[in-house]
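[1] Got a predicted model here, sequence first, then my questions.
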Amino acid sequence: MEFAQQLVNGLTLGSLYALIAVGYTVVYGIIQLINFAHGEIFMIGAFGALSTWLVFFNGNTSVWVLPIMIIGAIASSVIVAVLMERVAYRPLRSAPRLAPLITAIGISVFLQELVRLGYNNPLLFLSTWNPFDFPSAKQKVPFPQIDVVTGAAFNVGGVVIQRSTIFTIGALIICAAGLFYFVSRTRTGRAMQAVSQDPDTARLMGINVDRIIIVAFVIGATLAAVAGVAQGLQITNINFKMGFLAGLKAFTAAVLGGIGNVWGAVLGGLTLGLVESMAVQFIPGTFGGSPWKDVWAFAILILVLVFRPQGLLGAKVVDRA
Amino acid sequence: MTVTEPAAPAAEAARRVVLEAAGVTMRFGGLTAVDDVSMQVREGEIVGLIGPNGAGKTTFFNCLTGMYIPTEGRVTLGGETLPPKPLKVVRAGMARTFQNIRLFANMTSLENVMVGRYCRTSSMALTSILRGPKFRREEAATRERAQELLDYVGLADSAEILARNLPYGDQRRLEIARALATDPQILLLDEPTAGMNPKETEETMHLIFKIRDSGMAVVVIEHDMRFIFNLCDRVLCLVRGTVLIEGSPGEVQSDHRVIEAYIGGDDDEEEDA
């Protein structure tokens, strides 16, 4: 029974990690950049959903509001991700690999602080203009609890299944199916595969590599935004730091599955979620319980890096001729 | 400078010039890899490019395809100056294969050729997701055309095999099919028979004749002299970045300078790439 309960918990957590991890892995697969600001894209998705709700539906928790919130979340994440690529990463395309990595960390801090200081005060020090009466993001901000996807949990033979769990796992299934279709069955998806395998040859096939890179960022941002909404519904509140730990965990998941490999990211996310939940439940004594769950998660990262650096499904091998 | 063109058959002179390189020079720092090379290629013509290792053949190819921007000189395709960007060059109608095979190794043969169709199709990321009828039609047409091209080069049965699992000769042919998928006016082949056995070489020759007969212009770099002299209508010999001689296979074959460049030169030049 406890095992089944932790299985459900682990899959929920894992789905969230998987949705975020895809963003790391897709971008890495194309330009070998570990985009450490991706966790912030997830956070911005959550705030985008909240803002959409505050602007258009304040107080309304009907279920039809949810799709529009998700669209709002995706729009804000995608805009920020594309701007980030354009302003911060593209100028560094031919720089040594350390430069964009450090830039990514800088952007991560920048975006956190921007939300913390600017959410209820978009013009910052210029004025206190706040047309929609957004709450301050310096503390936790309550996330709207939408009907149907939140509320009383289901109890299946003693296993508690939250409604948000179903939303999260369902979102992962839909996103993964969409991604599979996109990558393997469409012109742009094929171009993406081609660029990740050999950018120079892809260029000679008339593929605009810059555009494909943007597509990679858009895909990552879309999935991260969905994850942001799922997280908001689960935890019932959001905050400006939520992207940091979630981003690190998702990065771990991406490495675990084999960075650069999209299915590896999904598998790695689910595995990491399960390991974390099981460790909390079944490791006895001092090292058990939730205070140690992050330790176990990152212990896995270290073990993977030592014993199977290519990850479960094998990373994209970078070879530059 | 370019040696004057040999007396070509009258029909050939009337054909449209597809590719013209005028005074192409490529320097890397102090090294001049290609020095003032000029070349004309007409529709339905096979031009061979020979020369000892390090003569600048591949560098010259890279200048033609926009991978390198020539230090001096101009390349025109169908009368228009080529933009120095590979993705625009291919749209303008030039396709190439590589000396060391550069397929998308983890995609199937069919997918490789479909990627080649990229520049001739237009459906965008968003329409692909929304699956408009135009997208479905275009996708089906792309697949059909890719299969046709696989049939054309003799790989009809290998469509679903990953490119890296194909036998070596088939990989070379797949590269040609992928290049043809871009609907080129001119096809540039960099050592298409390197590492092939005599039978595969023979098949490749027939394939290139077939491509030529469809009206396309072909430029071939090759080390295999017998292959090049049997195949080409015209041969250019490059030595140390400059054109040593240009002429019919017979003329080039019997030119003592060519023989000297290959045999009388440094002794490290006989190993094949």
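    Alright, I've got the coordinates. Note that the structure is predicted; figures quoted are calculated from it, not measured. Numbering: from 1, shown residues only, chains lettered A, B, ... in the order given.
[2] helix/strand/coil for residue B:195?
    coil (DSSP: H, G, I helix; E, B strand; the rest coil).
[3] correct me, but it touches residue B:168?
    Yes: if you go by Cβ atoms under 8 Å, residue B:195 and residue B:168 touch, sitting 6.0 Å apart. Placement of C-beta: from N, CA and C, glycine included.
[4] Can you list the strands that the host helix or strand of residue A:155 pairs with?
    Taking DSSP states H and E as the definition, residue A:155 sits inside strand A:154-156. With DSSP bridges as the test, strand A:154-156 is paired with strand A:159-161 (antiparallel).
[5] Tell me the buried residues in the partner strand?
    A:159, A:161 (16 or more other Cβ atoms under 10 Å in any protein chain shown).
[6] Would you check the distance separating the following helix or strand past it from the middle of the chain?
    Downstream of strand A:159-161, the next assigned helix or strand under DSSP H and E is helix A:163-185. Centroid displacement of helix A:163-185 relative to its chain, using Cα atoms, centre = their mean, to the nearest Å, is 13 Å.
[7] Check stretch A:49-66 too.
    22 Å.
[8] Ok, stretch A:131-142 next?
    In terms of Cα atoms, centre = their mean, the centre of stretch A:131-142 is found 22 Å from the chain centre.
[9] Pull up the distance across that stretch, start to finish.
    Terminal residues of stretch A:131-142 lie 19 Å apart, using Cα to Cα, to the nearest Å.
[10] Can you tell me what sits against it?
    A:47, A:50-51, A:54-55, A:115-117, A:119-120, A:236-240 (Cβ atoms under 8 Å, 6 or more residues apart in numbering or on different chains).
[11] Just give the number of residues close to the residue lying closest to residue A:242 once chain neighbours are set aside.
    Ranked by Cβ to Cβ, 6 or more residues apart in numbering or on different chains and with sequence neighbours excluded, the top spatial neighbour of residue A:242 is residue A:43, at 5.1 Å. Counted with other Cβ atoms under 10 Å in any protein chain shown, the neighbours of residue A:43 add up to 29.
[12] what's the answer for residue A:244, then?
    Residues near residue A:244, counting by other Cβ under 10 Å: 17.
[13] ditto for residue A:148
    When neighbours are counted by other Cβ under 10 Å, residue A:148 registers 13.
[14] any idea which element it lies in?
    Assigned by DSSP H and E, residue A:148 falls within no helix or strand.
[15] Let me see the contact set for the nearest residue to it once chain neighbours are set aside.
    Counting by Cβ to Cβ, 6+ apart, residue A:148 lies nearest to residue A:63, which is 4.3 Å off, once chain neighbours are set aside. With contacts defined as Cβ under 8 Å, 6+ apart, the neighbours of residue A:63 are A:146, A:147, A:148, A:149.
[16] So residue A:63 versus residue A:152, what's the distance?
    Here the criterion is Cβ to Cβ, to the nearest Å. By it, residue A:63 lies 15 Å from residue A:152.
[17] who does the helix or strand that residue A:194 is a member of touch, helix- and strand-wise?
    Assessed by DSSP H and E, residue A:194 sits inside helix A:187-197. Under the contact criterion of 3 or more Cβ pairs under 8 Å, 6 or more residues apart in numbering or on different chains; DSSP states H and E, helix A:187-197 touches helix A:2-31, helix A:163-185, helix A:199-204, helix A:209-235, helix B:109-116, helix B:125-130, helix B:133-153.
[18] And those helices, which one averages the lowest pLDDT?
    Here the lowest mean pLDDT among those goes to helix B:125-130, at a mean of 62.
[19] how close does the residue nearest to residue A:148 get to residue A:51?
    As judged by Cβ to Cβ, residue A:63 and residue A:51 stand 19 Å apart.
[20] picking up where we left off before, I'd like the contacts of residue A:63 as CSV, with distance to residue A:16 and pLDDT appended.
    Compiled in CSV, the contacts of residue A:63 are given as follows (distance: Cβ to Cβ, whole Å; pLDDT from 0 to 100):
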residue, distance to residue A:16, pLDDT
A:146, 17, 89
A:147, 21, 86
A:148, 19, 86
A:149, 14, 87
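[21] so which of the helices and strands packed on helix A:187-197 comes closest to residue B:35?
    Set against residue B:35 and scored by Cβ to Cβ, the helices and strands packed on helix A:187-197 come closest in helix A:199-204, at 25.0 Å.
[22] residues of the closest one that come out buried?
    A:199, A:201, A:202, A:203, A:204.
[23] Dump these into TSV; add distance to chain B as well.
    TSV is the format used below for the buried residues of helix A:199-204 (distance: Cβ to the nearest Cβ, whole Å):
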residue	distance to chain B
A:199	10
A:201	5
A:202	7
A:203	4
A:204	5
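[24] can you put those in TSV and add distance to residue B:217?
    Below are those laid out as TSV (distance: Cβ to Cβ, whole Å):
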residue	distance to residue B:217
A:199	28
A:201	22
A:202	24
A:203	22
A:204	18
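[25] Out of the residues you listed, name the two that are farthest from one another.
    Within the buried residues of helix A:199-204, A:199 and A:204 form the most distant pair, 10.0 Å apart (Cβ to Cβ).
[26] Low-confidence regions, the chain specifically.
    Let's take chain A. A:125, A:315-321 (pLDDT under 70).
[27] think we crossed wires, I meant chain B
    B:1-14, B:84, B:123-131, B:263-273.
[28] what about 50?
    B:1-8, B:10, B:267-273 (pLDDT under 50).
[29] Where do the strands of the stretch 201-321 of chain A begin and end?
    A:237-238 (DSSP state E, counting those that start in this stretch).
[30] excluding its backbone neighbours, what's nearest the residue of the stretch 51-200 of chain B found nearest chain A?
    Closest approach between the stretch 51-200 of chain B and chain A, counting by Cβ to the nearest Cβ: residue B:119, at 2.6 Å. Once flanking residues are discounted, residue B:119 sits nearest to residue A:206: 2.6 Å by Cβ to Cβ, 6+ apart.
[31] wait, doesn't that neighbour sit right on residue B:118?
    Yes: Residue A:206 is in contact with residue B:118 according to Cβ under 8 Å; the separation is 5.5 Å.
[32] Kindly report the residues of the stretch 51-200 of chain A close to chain B.
    For the stretch 51-200 of chain A, the contact set with chain B under Cβ under 8 Å from any Cβ of the partner chain comprises A:178, A:182, A:185-191, A:193-194, A:197-198, A:200.
[33] which among the residues you listed gets closest to residue A:285?
    Ranking these by separation from residue A:285, with Cβ to Cβ as the measure, puts residue A:178 on top at 43.6 Å.
[34] Next up, the contacts around residue A:302.
    Applying Cβ under 8 Å, 6+ apart, no residues contact residue A:302.
[35] All the helices of the stretch 201-321 of chain A, residue numbers only.
    A:209-235, A:242-257, A:262-282, A:293-307 (DSSP state H, counting those that start in this stretch).
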